[in-house]
Structures are given as C-alpha cells and as structure tokens.
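> Sequence and predicted structure, then a few things I'm wondering about:
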Amino acid sequence: MTTELLGEPRAAQHDVQTGTLPDGRILGLRCRSCGRPEPLGPSYVCAACFGPLEVAYDLDVVRSTLSRAVIEARPAGIWRYLELLPVAGRPARGLPVGSSPLLSAERLGEAIGIERLLIKDDSRNPTLSFKDRAVAVAVARAVDFGMDTLACASTGNLAGATAAAAAVVGLPAYVFVPADLEPAKIEHALAYGATVVPIQGTYDDVNRLCLEIADERAWGFVNINLRPFYAEGSKTLAFEIAEGLGWRLPDVVVAPIASGAMFTKLARGFDELAAIGLVKRTPVRFVGGQAAGCSPVASAFRSGSDIIEPVRTPDTIVRSLAIGNPAEGRQAVELASSSGGSIEAIPDEATAQAIRRAARLEGIYTETAGGVTIAAAEAARRRGIIRRDDEVVALLTGNGLKTPEAFRFGTQPRPAEPGVAGLAPTIPASFSAFEAWLDR
Amino acid sequence: MSTVRIPPVLRVSTGGEKLVETSGTTVGEVLTTLVAAHPGLGGQLFAADGELNRFMNVFLNDTDIRHLLTLATPVGDLDAIVLLPAMAGGCSTAGCCSIARIPARKGASR
C-alpha cells in the first residue's frame, strides 16, 4: 500500500460486541484512476483528474486482528465485518441489515441445468432489498460527518432503504425518483416519512439533477457524495457468501447490473477476504444480467468494447435496473471479461418467466431484478459460460411485492379451473357452491 | 455567450466562479475557450489525446451531449452547459478485481 496515511476523523470506538477496532485500518480516500489520496470526507471526485474516489484500507492492519473465529462470534448482520467497512465503529442506531440466507435451490437449478445452484435471498433485508447494506454504511458515515439531511437518486429500492435508515437516525430524507416509478416503491418511501420528489424523465435525468443539488447543498446523498462509503456496503454480500460456503468462494456469482457498483464490489469483497487470509484465492466467474430494454453494459460486453454507450430512453419493466448511463459500467465489463464470465441482456418476457419459476419452484418471490438474475444464469448456462457442475450463487436482490404486476408480463390472464392454479371466480360462502365449482 | 456551470471541485481553477460566460459555436469550442481563459481546467476537462476526459459528463440544456453530436453539438447564446462527474471509470487500483484476473479453472469439478 503506497497511499499516504490520511487517517480517521475520530478515534476508534470500543464496542462490547465488536471489540476495539485497530488504529490505521482506514487510510483515507483514494482516486481509482490516478491514485491520488484524499482525506476521509463527504467527497467523491478526485480534484486532480475528476476520477471517482474509493476507500483505501491497510489490509495488513485488518489481517492482524480479524479472523474467522472473531467474525463467527459476533451477532448476525453486516457489522460482523466491521474492520472491512469504512465506518468509525458499529453505529449506535440502525436497522438490522444483512446475514440473509444462502439457500439451496435444487428445483430451480434442475430447471435451468445447474446442479449446484444457491440463492442469496437478499430480499430479507429490512426494506426488502440489498440496498439496505449500502445505505447502512453511507448513513453511518453521514452521521459521523454531522450531516443533517439525507437524500438519494433512486430507481426504487434505494428510496425505501434511504427513507427507513433516515427515520431510524432521526434525519429528514429527500428521495428523488423518476415520476413513472412503480407506485409501491413511492408509497414505501412515503411511509417512512421521507419527502419523495418525482422527476419528469428517466433515472439518468434524476441522477443528473441530484448531482447538481449535491454540489450546492450540504446534504448527504447516499449514492453521490457518500458514494465511496455507500458502495462499500455491497461488499458484505461477498463476505456473507464466502462465510456461508464455509469460508471459500463459489465458481460463479450471478448478479444484476444497474450502475454496476454492486457487481464490481462483489469482486473486491472476495479479493479482500483472500488478501487477509480468510479464504483461499480461487477463481470466480462473474455473470451479470441487464434488461434487454436498457442494457448499455451488456452491449459493451457483447461488442468487446470498454466504452459504454448510454441508453437515452430505457424500455423495460425492470425499473430497478433502468440506468442508461451506468456509473461503473466499464468496470463491470472488465470484471466479466477478465473472469471468464459474461453480461447477459434479458428480454422482459424471460424475466417474468424467471420470477414465476423462482416463486413456483423455490417459494421465493423476487422482484424484476431477481428475475433478470435467474434468466441471466440460464442464458450463461446455455452458452457454456456456466457449466452443469459449477457451484453457482445467484443474488436475488429485492422482494417481488415491490413489482407486483411483473410476474404476469407476457402472459394471458387465465382463471383457475379444477386442477389448474390461478384466480378462481368469486363464489358464495357455501360448501355446496365450492363443491359445484370444483366438480363442474 | 453561453453559460458554463463549473462543479465545486473545479472552481479552484476559475477563481471560485460557479458560472462562467464563454463564447463558441459548438460545445467543443466553448470548452476550448473556457480552458484558454482558465488554463488550470485543461487537465481536468481534456485527456492527453484532446478527447474529453472520460470522467467528465457534459450536458447542454440538461441533455447529455453523447445523445447529441458530442463536442460538435452547436451552441446558442442562451444555452447552458453543465459539467458533472461521470462517477465511473477504470479499474487501475492495484489489487482491485485480482480475483477475477486469475485464469478460470478447466473442468471445475470438485
């Protein structure tokens, strides 16, 4: 590590559940492009080259104190991996995020030709999506920085996650969303007391506006000026996968790609675990999924280019992945290519079919991004990127109740009949009426 | 004269000015004129090959110029240009993604 030591903004805390954090584990921020160090703070752009900033750790310091036994002795949740997260200590207040189940999906695996398919069901988080992980870390830092307002630009799941996290720490939240977002996601954020601001335009319009607002107001935009910290929260998915497999890495990880931040942080999470000796460094192929109606990263991958051509007008039911100008697209392409993985573009009909399959074969009701993930696994299997005997972990990142109409997409409504599941007609509350319908 | 909005991280190069009035008939000309007036912006706006810095997104009246004619997009006197970070970029950090750079195993049986 050559980065100049810039240090923590406050002294390390002692916590009865996590022990004393080692001094010097966080070196500061660092430009991902030119390597220039920056002090730890609510900044996200390199002053020299305009490149993105990320958190730099001294992994030697982490290695000296963190072990499998230390982690396993801690309570469930993302703070089990505290030393590898950019916070000063375990937050005093926050939602119980993380430790979602890693489930064997034998029936679904059989349907798509993968013998060892595991599902990381991250819809089990407090606001029903993986965004709780990223927000928990960003909000912890926002509190450290003394910010008095939280905000985000959201395709939906982040709206609820930010609103809920703000409620727990007692801060107001402004949530900016595309005006045509699924109503359930808007209601979800409103329920937590956030101010929801619908914007005419796409997510990319929302994001551009929020960048301008973040430049002028001292608000904590979790995915803009707190982005170096926010992005780190997704690493906990990788930590939990490795721990859930008995401290080893899978052959393949399949995940949805919107901005690409979570996809690339999975690799960083595995890499850090290997660097501190908690897992053996074994190759992992990274397979990503995008909706065909908004697939700038999949298009770049397919054409062998590292230039992301932005999509101006997404056309897909998969709103949570509808980012036409993805922040980490180039990195996602590099990761899929260098690992022997792929990035698949999934038509909406295939996404809906995958949602139905996960629900009907595994009892897991996932939102559209989860449908994209399952369909991407199937597509990669068909093309030989995934082999039948690979151990494959698929990330289902949100709950189907957020996109309640999606599973029907591309199908004709079909009433229930005797022996055929579906919505039956309304009948009188009498046993004879039921018997008559069943026997007709 | 069109107006260019300078993000905070670049304002050190414009003497703290947030809005800079600049002449030019295309986005490229406007930015070149801007750099001539504020040379400190040169290394941040443009790469060594003269292309726009890949971390810089440029918007003309709220539209990404990549959806228009990029640097050749015509600019009128009342137009507003906004410079914003792309928040994206390469993978040049030592150690980043090194798991992925290990060649895939053959067979992958256990």
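Nice, I can see it. Worth saying up front: this structure is predicted, and the values here are computed from it rather than measured.
> Find me the pLDDT at residue 14, would you?
Using chain A. Predicted confidence (pLDDT) for A:His14: 32.
> ah, I was thinking of chain B
pLDDT at B:Thr14 comes out at 93.
> neighbours around it, how many?
17 (other CB atoms under 10 Å in any protein chain shown). C-beta here means a position set from N, CA and C on the backbone, and glycine is covered the same way.
> With A:Tyr365 instead?
With other CB under 10 Å as criterion, A:Tyr365 counts 20.
> who touches A:Gly398 in this structure?
A:Gly398 sits next to A:Asp122, A:Ser123, A:Leu128, A:Ser129, A:Phe130, A:Asn157, A:Ser320, A:Thr366, A:Glu367, A:Ala369, A:Gly370 when contact means CB atoms under 8 Å, 6 or more residues apart in numbering or on different chains.
> How about A:Arg383?
Counted by CB under 8 Å, 6+ apart, A:Arg383 has contacts A:Ser342.
> from memory B:Asn53 sits against A:Phe50, does it?
Yes. In this structure B:Asn53 lies within contact range of A:Phe50 using CB atoms under 8 Å: 5.7 Å.
> between the two, which one's more packed in?
Set B:Asn53 next to A:Phe50 and count neighbours by other CB under 10 Å: A:Phe50 wins out with 27 against 21.
> how much space between the residue nearest to A:Leu102 when sequence neighbours are not counted and A:Ser432?
Distances taken as CB to CB, 6 or more residues apart in numbering or on different chains put A:Gly244 closest to A:Leu102, at 3.8 Å, once the chain neighbours are dropped. Applying CB to CB, to the nearest Å, the value for A:Gly244 to A:Ser432 is 51 Å.
> Comparing these two, which residue is more hemmed in?
A:Gly244 (18 against 9).
> Spatially central residue for the chain, please.
If you meant another chain, say so; for now it's chain A. A:Phe130 (4.5 Å; CA atoms, centre = their mean).
> that's the wrong chain, I wanted chain B
Nearest to chain B centroid, counting by CA atoms, centre = their mean: B:Met56, 1.8 Å.
> and A:Val168, how many residues sit next to it?
15.
> oh sorry, the question was meant for A:Ala73
Neighbour tally, A:Ala73, other CB under 10 Å: 12.
> what's the answer for A:Ala433, then?
A:Ala433: 11 neighbours (other CB under 10 Å).
> show me what contacts it?
A:Ile427.
> Chain B: strands as residue ranges?
B:2-5, B:19-22, B:56-60, B:63-64, B:80-85 (DSSP state E).
> quick one: least confident helix or strand in chain B?
helix B:98-101 (a mean of 36; mean pLDDT, DSSP states H and E).
> looking at the strands of chain B, which is buried most?
strand B:56-60 (a mean of 22; mean count of other CB atoms under 10 Å in any protein chain shown).
> That one pairs with which strands, and in what direction?
strand B:63-64 (antiparallel), strand B:80-85 (antiparallel) (DSSP bridges).
> And for the shortest one, what's in contact with it?
When you say that, I think you mean strand B:63-64. A:Asp204, A:Arg208, A:Pro310, A:Arg312, A:Asn325, B:Asn57, B:Val58.
> how about the first one, secondary structure?
Remark: A:Asp204 carries the secondary structure label helix [criterion: DSSP: H, G, I helix; E, B strand; the rest coil].
> Quick one: the strands in the stretch 251-400 of chain A, in order.
Counting by DSSP state E, counting those that start in this stretch, the stretch 251-400 of chain A has strands at residues A:252-256, A:285-291, A:342-346, A:391-396.
> where does chain B dip in pLDDT?
Applying pLDDT under 70 to chain B picks out residues B:87-110.
> and if we set it to 90?
B:1, B:9, B:42-44, B:46-55, B:66-67, B:77-78, B:85-110 (pLDDT under 90).
> how close does A:Lys131 sit to B:Ala48?
Applying CB to CB to A:Lys131 and B:Ala48 gives a distance of 38 Å.
> higher neighbour count, these two?
A:Lys131 (33 against 7).
> Show the pLDDT at the residue lying closest to that one once chain neighbours are set aside.
Distance criterion CB to CB, 6+ apart; nearest residue to A:Lys131, sequence neighbours excluded, is A:Ala161 at 3.8 Å. Here the pLDDT value assigned to A:Ala161 is 97.
> Before we go further, A:Ala161 is sitting in a helix, right?
Yes. Applying three-state DSSP, one finds A:Ala161 inside a helix.
> quick check, stretch B:2-18 touching chain A?
Yes. On the criterion CB under 8 Å from any CB of the partner chain, stretch B:2-18 is in touch with chain A at B:Arg5, B:Pro7, B:Pro8, B:Val9, B:Leu10, B:Val12.
> and the contacts of strand B:63-64, which two are the farthest apart?
A:Arg312 and B:Val58 (15.1 Å; CB to CB).
> now the residue nearest to the centre of chain B: how far from A:Ile308?
With CB to CB as the criterion, B:Met56 and A:Ile308 are 14 Å apart.
> ok so, going back, the residue nearest to A:Lys131 - how many residues pack around it?
34.
> Verify the stated contact: it with A:Val139.
No. With contact defined as CB under 8 Å, A:Ala161 does not count as touching A:Val139 (9.4 Å).
> Check which residues of the helix or strand harbouring A:Arg208 are buried.
Using DSSP states H and E, A:Arg208 sits in helix A:203-216. Neighbour-count burial for helix A:203-216, counted by 16 or more other CB atoms under 10 Å in any protein chain shown, picks out A:Tyr203, A:Asp204, A:Asp205, A:Val206, A:Asn207, A:Arg208, A:Leu209, A:Cys210, A:Leu211, A:Ile213, A:Ala214, A:Asp215.
> from what I can see the first one touches A:Thr155, true?
The one in question is A:Tyr203. Yes. Using CB under 8 Å, A:Tyr203 is in contact with A:Thr155, at 5.0 Å.
> mind exporting stretch A:291-303 as CSV, just the C-alpha atoms?
The C-alpha coordinates for stretch A:291-303 follow below in CSV (Å, rounded to 0.1, in the frame of the first residue of the first chain):
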residue,chain,number,x,y,z
ALA,A,291,-32.8,-5.9,-19.0
ALA,A,292,-32.6,-6.0,-22.8
GLY,A,293,-34.6,-2.8,-22.9
CYS,A,294,-31.8,-1.0,-21.1
SER,A,295,-28.5,-2.9,-21.5
PRO,A,296,-25.6,-0.5,-22.1
VAL,A,297,-23.2,-2.7,-20.1
ALA,A,298,-24.3,-5.9,-21.8
SER,A,299,-24.0,-4.2,-25.2
ALA,A,300,-20.4,-3.1,-24.5
PHE,A,301,-19.6,-6.6,-23.3
ARG,A,302,-21.1,-8.2,-26.4
SER,A,303,-19.2,-5.9,-28.7
